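Trainee: Build me a structure from this.
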Amino acid sequence: DEHSVSMMDAINNIETGVVNHKEYKIDIPTLDKYMPVTTQSITVIGGNEGSFKTKLMIFIMRKLLKNYDNISVLWYSMEDPSDKIIRGFISQDEFLTDSELRHLDYSEMIPKDVKKFDIQFVTKSATIKEIGDDYERFRESRDDRFCILIIDNVMKIIPMNFKTDPDLEILREVESWN
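Mentor: Have a look, this model is predicted:
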């Protein structure tokens, strides 16, 4: 059983570095130190509406996807359509707002590196179980890649059971993914 290990094996794993997980550097020292991206990490970015959480995720994903060619992203964007996220990628290079880009033919402005990224957008609300099942299929179809799941916005996740605390429901489901 992969979830059961003896004391000696656990100690041996520590000594041989087996428990270390590859870190994917963002190349921003503070983020790399305090928010390392690994195959085992879960990162939550919280803040008020309009506090640039999505823009920060776009920035971080752009850095990761530029630095590593083995990353795939399943991006649940339950508020913004995929074209708005793409405009977010463009605005980092062009310094134009979303509103300004919507008034232009911005399809020619999409950076070449962004066009090559392996990102699959899902722009509908779902239960955490549906997201987990979708993410499992996503990972299985990209067996040799480091897969990242982005859920933007956790508050838009549809409860599976209205009698259960939604935070607890999400926590239990995410823990089951390990």
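
Trainee: Show the residue spans covered by the strands in the protein.
Mentor: Shown for the chain, the strands assigned by DSSP state E span residues 23-24, 37-38, 71-77, 118-122, 146-152.

Trainee: So which elements touch the first one?
Mentor: The one in question is strand 23-24. strand 37-38 (3 or more Cβ pairs under 8 Å, 6 or more residues apart in numbering; DSSP states H and E). (Each C-beta comes from the backbone N, C-alpha and C, glycine too.)

Trainee: Show me what the strand it packs on is packed up against.
Mentor: Looks like strand 37-38 contacts strand 23-24 (3+ Cβ pairs under 8 Å, 6+ apart).

Trainee: Counting neighbours, what do you get for I128?
Mentor: 22 (other Cβ atoms under 10 Å).

Trainee: List the contacts of it.
Mentor: I128 makes contact with I157, M160, E169, I170, E173, V174, according to Cβ atoms under 8 Å, 6 or more residues apart in numbering.

Trainee: what do you get for L74?
Mentor: Counting by Cβ under 8 Å, 6+ apart, L74 has contacts Q120, V122, D134, Y135, F138, C147, I148, L149, I150.

Trainee: Please name the spatially closest residue to it (chain neighbours excluded).
Mentor: Nearest residue to L74, sequence neighbours excluded (Cβ to Cβ, 6 or more residues apart in numbering): F138, at 4.5 Å.

Trainee: pretty sure Y106 contacts I90?
Mentor: Yes - with contact defined as Cβ atoms under 8 Å, Y106 counts as touching I90 (5.8 Å).

Trainee: hang on, the earlier thing: now that we have the contacts of I128, which of them are buried?
Mentor: The neighbour-count test (16 or more other Cβ atoms under 10 Å) applied to the contacts of I128 identifies I157, E169, I170, E173 as buried.

Trainee: Next, format the residues you listed as CSV and append distance to D32 and pLDDT.
Mentor: Shown next, in CSV, are the buried ones among the contacts of I128 (distance: Cβ to Cβ, whole Å; pLDDT from 0 to 100):
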residue, distance to D32, pLDDT
I157, 29, 88
E169, 32, 89
I170, 27, 88
E173, 29, 88
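
Trainee: Please list the members of these that lie in helices.
Mentor: If you go by DSSP state H, these have E169, I170, E173 in helices.

Trainee: what's the pLDDT at the nearest residue to Y68 once chain neighbours are set aside?
Mentor: The shortest distance from Y68 to any non-neighbouring residue, by Cβ to Cβ, 6+ apart, is to Y24 (5.9 Å). At Y24, the model reports a pLDDT of 93.

Trainee: So Y24 versus T164, what's the distance?
Mentor: Per Cβ to Cβ, to the nearest Å, Y24 is found 34 Å from T164.
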